[in-house]
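Novice: Build me a structure from this.
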Amino acid sequence: VQLQASGGGLVQTGDSLRLSCAASERTFTSYAIGWFRQAPGQEREFVAAINWNGDTWYADSVKGRFTISRDNAKNTVYLQMNSLNLEDTAVYYCASGPKPLRFPRAWGQGTLVTVSS
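Specialist: A predicted model of the protein is given here:
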């Protein structure tokens, strides 16, 4: 398994949550790793990504609220999500591939994030 996502759960609006994506060493050191999400009845959309050299980029909808980071010792990428709102409810998937991660080459399993009022 190249990517293993975890950390989803049920939270309330305004709360925070951190997702984790553990990757193989080759994936972690060679590609960008990021997060996509898919809300019920909607298409999967890009959320955030971080390149092997630390460059980061975000969807406009999460800028200022979400932070993506990496732990090189653990081959893990984190998505810190703050100020969650109802529109953030979705299944979140981690993915890897060449920057800008427009066409990921590998996907992890999804982790459900539910934000309630």
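Novice: From now on I want contacts and neighbour counts done on CA atoms only, so please keep to that.
Specialist: Will do.
Novice: which residues in the protein form helices?
Specialist: With DSSP state H applied, the chain shows helices at 25-30, listed in chain order.
Novice: quick one, strands of it?
Specialist: Counting by DSSP state E, the chain has strands at residues 3-6, 9-12, 17-23, 32-38, 45-50, 56-58, 66-71, 76-81, 90-97, 106-116.
Novice: The second one: partners in the sheet, and parallel or antiparallel?
Specialist: Paired neighbours of strand 9-12 in the sheet (DSSP bridges): strand 106-116 (parallel).
Novice: Please work out the average pLDDT along the strand it pairs with.
Specialist: Mean pLDDT, strand 106-116: 96.
Novice: got the angle between it and strand 17-23?
Specialist: 170 degrees (axes from the mean of the first three to the mean of the last three C-alpha atoms, to 10 degrees).
Novice: And for Ser16, the neighbour number?
Specialist: Using other C-alpha atoms under 10 Å, Ser16 has 16 neighbouring residues.
Novice: can you tell me which residues contact Gln12?
Specialist: By C-alpha atoms under 8 Å, 6 or more residues apart in numbering, Gln12 lies in contact with Leu84, Asn85, Val115, Ser116, Ser117.
Novice: Going by neighbour count, which of the residues you listed are buried?
Specialist: Leu84, Asn85, Val115, Ser116 (16 or more other C-alpha atoms under 10 Å).
Novice: Pull the contacting residues for the first one.
Specialist: Think Leu84. Gln12, Thr13, Gly14, Asp15, Ser16, Arg65, Val115.
Novice: mind checking how far the fourth one is from Thr114?
Specialist: Pointing back at Asp15 there. 11 Å (C-alpha to C-alpha, to the nearest Å).
Novice: Who has more neighbours out of the two?
Specialist: Thr114 (20 against 14).
Novice: how far away is the more buried one from Asp71?
Specialist: For Thr114 relative to Asp71 (C-alpha to C-alpha), the value is 26 Å.
Novice: Glu87 now?
Specialist: 28 Å.
Novice: Compute the number of surrounding residues for Ser107.
Specialist: Careful, residue 107 is Trp; it's not Ser. Neighbour number of Trp107 under other C-alpha under 10 Å is 20.
Novice: If you drop the residues flanking it in sequence, what lies closest to it?
Specialist: Nearest residue to Trp107, sequence neighbours excluded (C-alpha to C-alpha, 6 or more residues apart in numbering): Ala95, at 4.4 Å.
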